[in-house]
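In: here is my input, please return the structure:
(2 chains)
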Protein chains: 2
Amino acid sequence: MSKFGMYVKFIAKSGQRDALANILLDSAASAQSLKECELYIVNISDTEPDTIWVTEVWSDSEAHEASLAQEETKASIQLAMPLIAGVEATKVRPIGGKGL
Amino acid sequence: MSKFGMYVKFIAKSGQRDALANILLDSAASAQSLKECELYIVNISDTEPDTIWVTEVWSDSEAHEASLAQEETKASIQLAMPLIAGVEATKVRPIGGKGL
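Out: Model (predicted):
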């Protein structure tokens, strides 16, 4: 089974980046106990003040799909939606390297 | 000191993706001994057959700069250059999450 990765670019509504980052950091904290979630890193940008990037790696795409169906994930998405102006996800397939 | 991250998108010349991925995996193996390099993950794309993404996290931007000046890094770049049609890097600032 291939690992599954995503780079998710969130554009926050003006002034809402830090509030959105905090929700995403809470999601990362919840993911600490999920062994299928190997990475969930929240990043900001020094050049794009409304942008947040999340780097995710999951054991496989099914584990990622299953996480989206969890009540806790749905609650986070409900909290985050009003703060988000746009989202773009790039799906990747991790094949190796340091940190996996 | 802030951590430093990059998503580096490589477009390989036609037919050269796997050769380029192997050079990047060798670079990741070399980075295993560098404590300043926290992540160096090589990814392919299921939808773009010539694309490789590298996810990097360094302890700070100076550590990343210093790595580029190493003879081993320069030798890898020399090997990789003939296989590369294009490169785009997105710099990010990791602020937390799972896997850092």
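In: rounded mean pLDDT for the lengthiest strand in chain A, please.
Out: The longest strand of chain A (DSSP state E) is strand A:84-98. The average pLDDT for strand A:84-98 rounds to 98.
In: what residue ranges in chain A are flagged as low confidence?
Out: Counting by pLDDT under 70, chain A contains no low-confidence range.
In: can you name the residues of it that neighbour chain B?
Out: Contacts of chain A with chain B, taken as Cβ under 8 Å from any Cβ of the partner chain, map to A:5, A:7, A:21, A:24-25, A:28-29, A:31-32, A:37-47, A:53-55, A:57, A:90-100. Glycine gets a C-beta too; all of them are placed from N, C-alpha and C.
In: narrow these to those in strands?
Out: Counting by DSSP E, the residues of chain A next to chain B contribute A:5, A:7, A:37-44, A:53-55, A:57, A:90-98 to strands.
In: could you flag which of the residues you listed are buried?
Out: Among these, the ones that count as buried by 16 or more other Cβ atoms under 10 Å in any protein chain shown are A:5, A:7, A:37-44, A:53-55, A:57, A:90-92, A:94-98.
In: ok, residue A:33 to residue B:98 distance?
Out: 10 Å (Cβ to Cβ, to the nearest Å).
In: check residue A:13 too.
Out: 26 Å.
In: pull the longest helix from chain A.
Out: helix A:17-31 (DSSP state H).
In: packing partners of that one?
Out: strand A:4-12, strand A:37-44, strand A:51-58, helix A:71-80, strand B:84-98 (3 or more Cβ pairs under 8 Å, 6 or more residues apart in numbering or on different chains; DSSP states H and E).
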